[in-house]
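Colleague: What would the 3D arrangement of this be:
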Amino acid sequence: MKEKAKTKSGKPSLMPGFLRRPIVIVLFVLMNVIVIAITAMVEFGNSKEATDLSKVVLNWWMLLPALLCFLVAVTLDIFKYVLMMKEMSPEQSRDKRTLCHIASRTVLLGKYYDNITPAAVGGQPFQIYYMRKNSDLPNGLSTSIPIFGMISLQIGFIIIALICFLFGGLIKDNPALVVTAIIGLLFYAFWPVMVAGVSLFPKPTVKFIKFLVKILAKIKLVKNREETLIKVENETKEYADSVKTILKTKGLFLKSILISVVYNFLIALIPFFVLTAFGGSVDLIHSFVTTIAVMSAIYFVPTPGNSGVAEGTFFVVFSALSSGYVFWAMLVWRFFSYYIYIIIGPIIYFFMHLEKKRAKIDG
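Modeller: Numbers count the residues shown, from 1 in each chain. Prediction:
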């Protein structure tokens, strides 16, 4: 197993190399502030029709269920990672507190990178990097756990979406939404199918990847071709074995899918409670089904956090409110679905910086 990067005290470094200097941390935080500001301006810059905040009548206690849904959903996602680490490698796993520590940062920082990178491509690579550096798990498991964490969330959403589509009559007055929701669901199914293919057919996958490596080597994008080919073969085999371990571990697959179903269910309930808090009179099932359809429809939008499209598409959900309240309701919803992760990321890195300084002092 690859040796972990260490601090002067000899302890593993918890931070990526580019975030180990105070000045870089400050610039990193400023970058996040700029990202939030720009995104907010793009999404909500046209707020002329919004009711003056001092005149907004808000049933604030109805935001508590929304907050509770968010907290329980994130806690369940973290628990899923703890469960996978504990069940798949009990002999190498650390104590429960350490597992929770690794899992919480893996999940929250993964969501942070998902929301600042186009098409949410940054989350899983960072999660793999973080787990390889900070857990006792073999590389294969450190790769397969984050990927399966993502895949199980997608499968959980697909299950809920298919059930909701049985109630498609609730959104039949919006055929464009129905069509884009179905297209989005196909995108949701892409990665689960791909991962299943790699796991079930590792040899053809290795051959295909080797073919790509050879092409990249010819155009000088890959150095040390033979070394890369060996690494590809070993890691693909290790990954395939790890995914098979997930499937063979008693009850782990079903538990992960069940947790993911509940996670998606809770996240999709948040718009209903936000609507209710702002005085909207809406049917719970209709709001839930519409939310799932919209979440599916915007899945393939390549912008960070689906910004620029999510707020426009989600207007279908929040149109039950008067035009002056829609702005504030959608702003609150975007806080739960997007901004909160952008805020949490730098906070975690700040504490990681403090841990690094404390480790130096202790050393």
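Colleague: any idea how far the residue nearest to residue 265 when sequence neighbours are not counted lies from residue 283?
Modeller: Leaving aside its chain neighbours, residue 265 sits nearest to residue 160 (6.2 Å; criterion: C-beta to C-beta, 6 or more residues apart in numbering). C-betas here are computed from N, CA, C, even on glycine. Remark: distance between residue 160 and residue 283 (C-beta to C-beta, to the nearest Å) = 17 Å.
Colleague: The two: who's more crowded?
Modeller: Shown here are residue 160 and residue 283; by other C-beta atoms under 10 Å, residue 160 has more neighbours (23 against 12).
Colleague: which stretch of helix or strand covers that one?
Modeller: Following DSSP states H and E, the helix or strand that holds residue 160 is helix 139-165.
Colleague: Which strands and helices lie in contact with the helix or strand just after that helix?
Modeller: Along the chain past helix 139-165, the next helix or strand (assigned with DSSP H and E) turns out to be helix 175-200. If contacts are counted by 3 or more C-beta pairs under 8 Å, 6 or more residues apart in numbering; DSSP states H and E, helix 175-200 sits against helix 139-165, helix 225-248, helix 284-297.
Colleague: on contacts alone, who are the packing partners of the last one?
Modeller: Looking back up the chat, that one is helix 284-297. Where contact means 3+ C-beta pairs under 8 Å, 6+ apart, helix 284-297 is packed against helix 139-165, helix 175-200, helix 252-277, helix 315-318.
Colleague: if we can go back for a sec, show me what counts as buried in the helix holding residue 160.
Modeller: 139-161, 164-165 (16 or more other C-beta atoms under 10 Å).
Colleague: now it, how far from the chain's geometric center?
Modeller: Relative to the chain's own centre, helix 139-165 is displaced by 10 Å; criterion: C-alpha atoms, centre = their mean, to the nearest Å.
Colleague: go on, stretch 290-298?
Modeller: 16 Å.
Colleague: what does stretch 199-218 give?
Modeller: On C-alpha atoms, centre = their mean, the centre of stretch 199-218 falls 27 Å from that of its chain.
Colleague: Next, name the residue at the spatial heart of the chain.
Modeller: With distances taken as C-alpha atoms, centre = their mean, residue 111 lies nearest the centre of the chain, 3.9 Å away.
Colleague: separation between residue 203 and residue 256?
Modeller: Taken as C-beta to C-beta, the span from residue 203 to residue 256 is 26 Å.
Colleague: What of residue 249?
Modeller: Shown here: residue 249 relative to residue 256, a distance of 10 Å by C-beta to C-beta.
Colleague: got it, and residue 196?
Modeller: As judged by C-beta to C-beta, residue 196 and residue 256 stand 15 Å apart.
Colleague: Which of the helices and strands packed on helix 284-297 sits closest to residue 243?
Modeller: helix 175-200 (4.1 Å; C-beta to C-beta).
Colleague: for the stretch 201-350 of the chain, what are the low-confidence residue spans?
Modeller: Scanning the stretch 201-350 of the chain for pLDDT under 70 picks out the ranges 221-222, 232, 235-236, 238-239, 242, 300-316, 319-324.
Colleague: one more time with 90, if that's ok
Modeller: 201-253, 271, 274-350 (pLDDT under 90).
Colleague: How about the contacts made by residue 217?
Modeller: Contacts for residue 217 (C-beta atoms under 8 Å, 6 or more residues apart in numbering) come out as 223, 225, 228.
Colleague: how about a cut-off of 10 Å?
Modeller: By C-beta atoms under 10 Å, 6 or more residues apart in numbering, the contact set of residue 217 is 223-226, 228-229.
Colleague: In PyMOL, how would I select the buried members of the residues you listed?
Modeller: In PyMOL, a selection of the buried entries from the contacts of residue 217 looks like this (16+ other C-beta under 10 Å):
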select buried, resi 228+229
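Colleague: Just the closest of the contacts of residue 217 to residue 69, please.
Modeller: Residue 69 lies nearest to residue 228 out of the contacts of residue 217, by C-beta to C-beta, at 44.9 Å.
Colleague: Mind listing what's buried along stretch 104-119?
Modeller: 104-117.
Colleague: Next: stretch 196-205.
Modeller: Neighbour-count burial for stretch 196-205 [16+ other C-beta under 10 Å]: 198-199, 202, 205.
Colleague: Can you verify my assumption that residue 244 contacts residue 144?
Modeller: Yes. Here residue 244 reaches residue 144: they are 9.3 Å apart, a contact under C-beta atoms under 10 Å.
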